[in-house]
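> what's the 3D shape of this:
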Amino acid sequence: MPAATPLAGLAGQHIVVLPLHYIRADTSGFAAQITDPRATLAALDSAIEREFDARGFGSTWTFPPALARSAKRNAGYVSNPYSLAAERLRSSVRMADDRLAEPFASQLRAMVAVTDARYALFPVELRFERLADGRMLPLLHVVLLDARGSSVRWAGDVRGAASATLTPATIESLAFAFADLVAAP
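The predicted structure follows:
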């Protein structure tokens with residue numbers, strides 16, 4: 001498997017893509033540019049879905065809007081995908097092992113039980129780093145989860161395009177880089 005596409009093995013499988021959950025506050029001031037965090041999270045989720053759909057994954061992968069509809073149809077069994085107990089998966093938290101903690105493990109198992117998936121790709125957290133030239137580097141912390149095995153199979157940070165401000169193009173660059181983990185354009 002090429003280093004440029006470390007998750008290429010997912011290409012032919014049914015995968016659940018969870019919604020982005022967190023925006024990390026920072027001292028660089030870039031996170032403060034986000035006046036509507038929910039809209040930013042939703043914009044990145046939509047960009048991710050569009051990019052994977054453009055690469056041919058739209059028919060076999062399940063994205064946040066479909067997960068939310070499934071949760072509504074299966075209320076009491078499937079948790080709201082936008083409010084999972086995923087704090088432990090944030091990039092700043094060091095896990096002692098790769099096992100998923102409760103209640104998140106059960107929430108994830110229930111969610112994939114109503115799909116044909118075993119694995120979930122989870123863009124957990126958006127954060128920013130200031131570069132030496134003053135621009136920001138947007139980073140998306142992503143984990144690959146084995147729902148049946150209740151474990152983290154892979155974790156890494158996706159780098160978007162450096163920018164002076166947060167723009168729709170910045171969001172699109174993160175979605176593009178995320179999709180590059182699985183398949184080249």
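
> Can you report how many residues neighbour the nearest residue to Pro103 once chain neighbours are set aside?
The shortest distance from Pro103 to any non-neighbouring residue, by C-beta to C-beta, 6 or more residues apart in numbering, is to Ala85 (5.0 Å). C-beta coordinates here come from the backbone N, C-alpha and C atoms, glycine included. Residues near Ala85, counting by other C-beta atoms under 10 Å, number 17.

> Show the pLDDT at Ala85.
Listed pLDDT for Ala85 reads 94.

> can you count the residues close to Glu51?
Neighbours around Glu51, by other C-beta under 10 Å: 21.

> which residues sit in contact with it?
Going by C-beta atoms under 8 Å, 6 or more residues apart in numbering, Glu51 touches 172, 175-176, 178-179.

> chain center to stretch 133-142: distance?
15 Å (C-alpha atoms, centre = their mean, to the nearest Å).

> quick one: secondary structure of the residue nearest to Pro103?
Using DSSP: H, G, I helix; E, B strand; the rest coil, the three-state assignment for Ala85 comes out as coil.

> what about it, distance to Ser173?
Per C-beta to C-beta, to the nearest Å, Ala85 is found 29 Å from Ser173.

> what residues are up against the residue nearest to Pro103?
Per C-beta under 8 Å, 6+ apart, neighbours of Ala85: 101, 103-104, 107.

> quick one: which of those residues is nearest to Phe30?
Distances from Phe30 to the contacts of Ala85, taken as C-beta to C-beta, are shortest for Phe104 (27.8 Å).

> For the residue nearest in space to the middle of the chain, which residues count as its bridge partners?
Central residue of the chain (C-alpha atoms, centre = their mean): Pro123, 1.4 Å from the mean position. When assigned by DSSP bridges, Pro123 has beta-bridge partners Val142.

> right, and it touches Glu49 too?
No: between Pro123 and Glu49 there is no contact, the gap being 11.1 Å when judged by C-beta atoms under 8 Å.

> how about low-confidence regions in this protein?
1-3, 95-96 (pLDDT under 70).
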